[in-house]
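A.B. asks: Need a 3D model of the following:
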Amino acid sequence: MTPPPAGADVVVIGGGLVGASVAYELVTAGASTVLVDRHDPGRATDAGAGILSPETGLDPDPAAFAFGVRAARHYESLTARLVHDGGSDTGFAVTGSLVVAERPGDDQVMEDAVRLAVGRCPSVEEVDPVEAGRLFPPLGPVRRALYNPAGRRVDGRVLLGALSRASAVRGLRTIHGGADGIEVDAGAGTVTAVTTSEGRVPAGAVVIAGGAWSPELGRSLGVELPVNPLKGQIIHLHLPDCDAGRWPIVQPVLGFYLVPWPDGRVACGGTMEAGAGYDHRPTADGVLQLLRECLRTAPGLAPATVVEVRVGSRPSTPDGHPVLGPLPGWSNAFVATGHGAEGLLLGPYSGMVVARAVLGVEEPEPGERDGAALILGACSPDRFT
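C.D. replies: The predicted structure is shown next:
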C-alpha cells in the first residue's frame, strides 16, 4: 500500500503559472511545500499569448500600470533564478512591441494610446509606418505605429516547465491529482489539511490558485470568489524558413494581437467569450474571427500553415482585478487567481507577493514593500464581501 503523503508547511492547489509561481517562491524561501495539480484541460496558462508590454497598455489607472510594470520587471530576476536552479529555457525574451492603427476609426483610440504611453515611458516612441513594416515584414498598411523597445514575450508552457524543474530541485513535492476537500478547525478559523487523490496532506497553510476553477475551492471554506471562466481562442500559424523570433509583437489598438516566435510560429488571438463556460472546443466562428483579423493586420501571413488552435478559460473578475491574499475568516488560507487575460504578465509577480504574505515576510527588493501592500489591498478578496 502506498503511504499517505507527508504534511507540509504549505499546500498550493492549482498547478498553472500562478500556482507554480507561488510554490517556487515558497520552496525557495525554505518552506516545505506540496503542489496539487489535476491538470485541468483548458487552463489559461496553456493557451496564453504571453505579451508582456505594460508600457503600452491602454488602462489609464496608474495603480494597474504600476502593477504591470513591476510584474514585467520581475521576469528579469525570476528567469535568472530559474536558470540557476536548473530551469534552463524559460521561454522569455525581449523583442519589442508595436501598437498600430489600421483604419480611420482607430485614430482617436490611437491618439489616446500615444499620449498615455509616451507620457508614462519616454522610451516609447512613434515610428514611421514604413519602419513598422520593416520591423514586422508581414504587416499590412498602417496609419500610425508606436514602438516599445522594452516589449517582452513569454511562452507560458515553457515557463511553467522551467518553474516545475527548478521547484523540484528545491524540494517541491507534486501530487498529480485533484484536491477533494479542505479540512478545517472552524473554531480556530484555520485550515488543517487538504484531502487529495493520493491521501490526506496536513497543512500549515493553504493557497487556492485554481484559476477559473477556484470558486469551488473557495466555497469549501464558505467564501464566494466571483471568478468566472472567460473563454479565449488563439490560433498558431507557421511560416517555413523564417526567423520570426526577431520580429516585435504587434497589437492593433482595435483588433487581435500577433506574437512571433523563433521557430517561424506566429500566434494570433484572442477571442473574448464570456458566456462559454468551460467549453474548450475550437469553434468555426472563433477560427473565422482569428483568421479574418490576423490577415487584415498582416496579409503577409496568408501563405502560413495553420498549426493549431489553443483554447483556454481565463479567470475573470467583475472589476477586472486579480484576487490575491488572505481569505476572509481564515488565518492561514490564501488565494491567488482572477488575472483574466493578464495572467502571464501578472502571474509570477502575484505568486511572489502571495507567497511572501503566506510566510509573513517583506519583499526583498528595496522600495518594493509598499507596492506589494498596495497590490494586496487593491486585490483583496475582502472587496467582494
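A.B. asks: And the helices in this protein, which stretches?
C.D. replies: Per DSSP state H, the chain carries helices over the ranges 17-28, 62-84, 107-120, 129-135, 156-170, 214-219, 284-297, 343-359, 369-378.
A.B. asks: Determine which of those shows the lowest mean per-residue pLDDT.
C.D. replies: Mean pLDDT is lowest for helix 369-378 among the helices of the chain, at a mean of 79.
A.B. asks: Output that one as PDB - backbone C-alpha positions only.
C.D. replies: These are the backbone C-alpha positions of helix 369-378, laid out as PDB (Å, rounded to 0.1, in the frame of the first residue of the first chain):
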ATOM      1  CA  ARG A 369       7.300  46.600   0.200                       C
ATOM      2  CA  ASP A 370       4.800  49.500  -0.200                       C
ATOM      3  CA  GLY A 371       4.000  48.300  -3.700                       C
ATOM      4  CA  ALA A 372       3.200  44.800  -2.600                       C
ATOM      5  CA  ALA A 373       1.000  46.200   0.200                       C
ATOM      6  CA  LEU A 374      -1.000  48.300  -2.200                       C
ATOM      7  CA  ILE A 375      -1.400  45.400  -4.600                       C
ATOM      8  CA  LEU A 376      -2.700  43.100  -1.800                       C
ATOM      9  CA  GLY A 377      -5.000  45.900  -0.600                       C
ATOM     10  CA  ALA A 378      -6.500  46.600  -4.100                       C
END
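A.B. asks: before we move on, the earlier item: need the winner for burial among the helices of the chain.
C.D. replies: Comparing the helices of the chain by mean neighbour count (mean count of other Cβ atoms under 10 Å), helix 17-28 ranks first with a mean of 28. Using the backbone N, CA and C atoms, a C-beta is placed for each residue, glycine as well.
A.B. asks: domains for the protein, by residue range?
C.D. replies: 10-46+157-227+319-384, 97-149+228-316 (automatic domain parsing).
A.B. asks: okay, Gly7: pLDDT?
C.D. replies: pLDDT for Gly7: 87.
A.B. asks: How about it, nearest residue that isn't a chain neighbour?
C.D. replies: Pro202 (3.4 Å; Cβ to Cβ, 6 or more residues apart in numbering).
A.B. asks: wait, isn't the one you found in contact with Val10?
C.D. replies: No. Assessed by Cβ atoms under 8 Å, Pro202 is found out of contact with Val10, at 11.3 Å.
A.B. asks: For the two, work out which one has more neighbours and name it.
C.D. replies: More neighbours surround Val10 than the other of Pro202 and Val10, with 24 against 15 (other Cβ atoms under 10 Å).
A.B. asks: any idea how far Glu111 is from Val99?
C.D. replies: Distance, Glu111 to Val99, by Cβ to Cβ, to the nearest Å: 12 Å.
A.B. asks: again, but for Val323
C.D. replies: 29 Å.
A.B. asks: now Ala49
C.D. replies: 15 Å.
A.B. asks: Compare neighbour counts for these two and give me the winner.
C.D. replies: Counting neighbours by other Cβ under 10 Å for Ala49 and for Val99 shows that Val99 has the greater number, 30 against 24.
A.B. asks: what's the closest non-adjacent residue to that one?
C.D. replies: Nearest to Val99 is Leu146, by Cβ to Cβ, 6+ apart, at 4.2 Å.
A.B. asks: Is it correct that that neighbour is in contact with Leu98?
C.D. replies: Yes. If you go by Cβ under 8 Å, Leu146 and Leu98 touch, sitting 6.9 Å apart.
A.B. asks: Touching both of these two, which residues are there?
C.D. replies: Val127 (Cβ atoms under 8 Å, 6 or more residues apart in numbering).
A.B. asks: any low-confidence regions in the stretch 101-250 of the chain?
C.D. replies: Within the stretch 101-250 of the chain, no stretch has pLDDT under 70.
A.B. asks: same thing but at 90, please
C.D. replies: Where the stretch 101-250 of the chain drops to pLDDT under 90, the residues are 240-243.
A.B. asks: For it, which segments count as strands?
C.D. replies: 125-127, 144-148, 152-154, 173-175, 179-185, 190-196, 199-202, 206-208, 228-238, 249-252 (DSSP state E, counting those that start in this stretch).
A.B. asks: Pull the distance from the first one to the chain's centre.
C.D. replies: Think strand 125-127. Offset of strand 125-127 from its chain centre (Cα atoms, centre = their mean, to the nearest Å): 28 Å.
A.B. asks: neighbouring strands for that strand, and are they parallel or not?
C.D. replies: strand 144-148 (antiparallel) (DSSP bridges).
A.B. asks: ok, residues contacting the partner strand?
C.D. replies: Under Cβ under 8 Å, 6+ apart, the answer for strand 144-148 is 53, 55-56, 96-101, 107, 110, 113-114, 117-118, 121, 123-129, 131-132, 135, 248.
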